[in-house]
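>>> pasting the sequence and the predicted model now:
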Amino acid sequence: MKSERFHQFTLRFLGLSLAATGTAMLPPILRHTLSAYVYIDKSTIIAALYITAIAALSCGIVLFFNAARISRKIHQCNRADLKFACLTLSLVAIIGIFFLEIGARATLTPRQTLTGRDWWIQWHIDYARDHQTEDKAFLPRWEGMGEYNPKLGWILKPGYRDELLTVNQQGIRGDSPVPESKPLGEKRVLFLGDSFMLGLEVKDNEAAAHVLEDMLDGVRTINLSTPGYGTDQQYLTLKERGLKFNPDLVVIGANALSADRNLIPFQEQAKPFFELNNEELVLKNVPVPNYSLDELREQITAPPSYLCRLGSKCITELCENAPNSYKWKLYTRILDNLVADMNAINVPVMIVHIPFSPSLTPDPAESVLHNWADDKNVTFLAFREVYSTLTDAQRKEVYKYHLSPFGNRILAEAILTEIMKNSLLPCVGETSLASSD
């Protein structure tokens, strides 16, 4: 009798544990479904995670409420039958895992089992194979637009020009050179971000920074945004390239991608990155190595088990997106230092969160940044809130993949509204607004 009660207790505890695990998995999986960025092949992973969570929850409920019946069945079996059942179940499990591994190897590429740095290295290797560009180690998605930089990883290529984008000889978007010495009476707004703040996919005069400049008299905008940049590279760009232009306001474009990029030492190319050591930022990977393709191949090894590496990837991504994870601590610490540096020279900072896809609900990055900005008294603009005020017809016109010309315009108008509301450019008032018609 005691043995049967012990088995019932054990089965109920196991069932409760499984049900609790499945229930605890569902909220972060849902958050991950809404926020995981486009470079991760997430559909297969998310489906597998949902199945695992629901299976755990279902099995836990069945075990908990049927513990007494299962316990009686166990005690009614003789020892030989019980051993045979256990061996059969073990064999079925081993065969199932074997065929799942075969299925994973047949349907997934090695890159789909990777995250972060390794994902990007494998991407470069695959790109070289598919495009017969074996002689190139630096293979940005924006091919030809960037060049290697030992301090920043890559920058826009000075003098680059295509049908949409012009880069001057200083590596700044636009055709005109920007003198380092600021003319008397001129105000300067420095833009730092990734391809969204750069205005990729629109013409120079349609990018938000240029549109803002056209809306204001006596204001020059300087767009040093660069595709693929994390907040770490934006901060380093500010120190290495931006401060010499004596900005009066710094506008930082941010999103969930920025936080993910901060964690890795390789994306479009090898890159600098920060680590937290006793809450202090420590710069790593500088000077940035300029790897050859052969050197990249040496850094990637075939996984002994696709299932194990896929499981590790799922756990890693879920942990990274937890509200108090290292990713968000690093993100806000970089912004702490950036704002502190600007406060020391009396230059205000505006953080602009631009979701990388249309959304009416805040993603984790927006929530973290909004709370941080409120705490630090930093101006914060959530582009999602502007997007949510538009009509359904207007929302369809905001995004291509990046922001459309219309999307860039309403972004510029929202930034202008924040500038005026918070007096971020004190000598620029409504009387100096240029005609924007």
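That came through, no problem.
>>> now the most centrally placed residue in the chain: how far from Gly193?
Nearest to the geometric centre of the chain sits Leu257, at 2.0 Å (C-alpha atoms, centre = their mean). Distance of Leu257 to Gly193, computed by C-beta to C-beta, to the nearest Å: 10 Å. Glycine gets a C-beta too; all of them are placed from N, C-alpha and C.
>>> swap in Val352?
For Val352, the distance to Gly193 equals 8 Å [C-beta to C-beta].
>>> more neighbours: these two, which one.
Gly193 (27 against 24; other C-beta atoms under 10 Å).
>>> quick check: that one vs Leu335, distance?
The spacing between Gly193 and Leu335, counted by C-beta to C-beta, is 13 Å.
>>> residues shared between the contacts of the two?
Ile252 (C-beta atoms under 8 Å, 6 or more residues apart in numbering).
>>> could you double-check that Pro158 sits in contact with Asn168?
Yes - counting by C-beta atoms under 8 Å, Pro158 does reach Asn168; the two are 7.0 Å apart.
>>> and the two? which has more neighbours close in?
The neighbour comparison of Pro158 against Asn168 (other C-beta under 10 Å) goes to Asn168, with 17 against 12.
>>> tell me which residues in stretch 270-290 are buried?
Ala270, Lys271, Pro272, Phe273, Phe274, Leu281, Asn285, Val288, Pro289 (16 or more other C-beta atoms under 10 Å).
>>> pLDDT of it, averaged?
Stretch 270-290 carries an average pLDDT of 94.
>>> low-confidence bits of the stretch 151-300 of the chain, can you list those?
In the predicted model of the stretch 151-300 of the chain, no residue satisfies pLDDT under 70.
>>> for it, just list every one of the strands.
With DSSP state E, counting those that start in this stretch, the ranges of strands along the stretch 151-300 of the chain come out as 153-156, 187-192, 219-223, 249-254, 273-277, 280-284.
>>> and those: which comes nearest Ala104?
Of all the strands of the stretch 151-300 of the chain, strand 273-277 sits nearest to Ala104, with 30.4 Å by C-beta to C-beta.
>>> distance from the closest one to the middle of the chain?
17 Å (C-alpha atoms, centre = their mean, to the nearest Å).
>>> tell me what that strand is packed against?
strand 280-284, helix 326-344 (3 or more C-beta pairs under 8 Å, 6 or more residues apart in numbering; DSSP states H and E).
>>> packing partners for the first one?
With contacts taken as 3+ C-beta pairs under 8 Å, 6+ apart, strand 280-284 sits against strand 273-277, helix 326-344.
>>> cool, the longest one as well?
Contacts defined by 3+ C-beta pairs under 8 Å, 6+ apart place helix 326-344 against helix 231-237, strand 249-254, helix 256-261, strand 273-277, strand 280-284, strand 349-353, helix 364-376.
>>> paired strands for the second one, with orientation please.
The reference is to strand 249-254. strand 187-192 (parallel), strand 349-353 (parallel) (DSSP bridges).
>>> list the buried ones in it?
In strand 249-254, counting by 16+ other C-beta under 10 Å, buried: Leu249, Val250, Val251, Ile252, Gly253, Ala254.
>>> specify the angle between that strand and helix 364-376 in degrees.
150 degrees (axes from the mean of the first three to the mean of the last three C-alpha atoms, to 10 degrees).
>>> and the contacts of strand 249-254?
With contact meaning C-beta under 8 Å, 6+ apart, strand 249-254 is reached by 187-194, 196-197, 209, 225, 231, 234, 238, 242, 335, 338, 342, 347-354, 365, 369, 415, 419, 424-425.
>>> please, which helix or strand holds Gly15?
Per DSSP states H and E: Gly15 is located in helix 2-35.
>>> quick one: average pLDDT of that helix?
Rounded mean pLDDT across helix 2-35 is 70.
>>> got it, and stretch 424-437?
Across stretch 424-437, the average pLDDT comes to 58.
>>> and what of stretch 329-338?
For stretch 329-338, mean pLDDT rounds to 97.
>>> what residues of that stretch count as buried?
So stretch 329-338, judged by 16+ other C-beta under 10 Å, has buried residues Leu330, Tyr331, Thr332, Arg333, Ile334, Leu335, Leu338.
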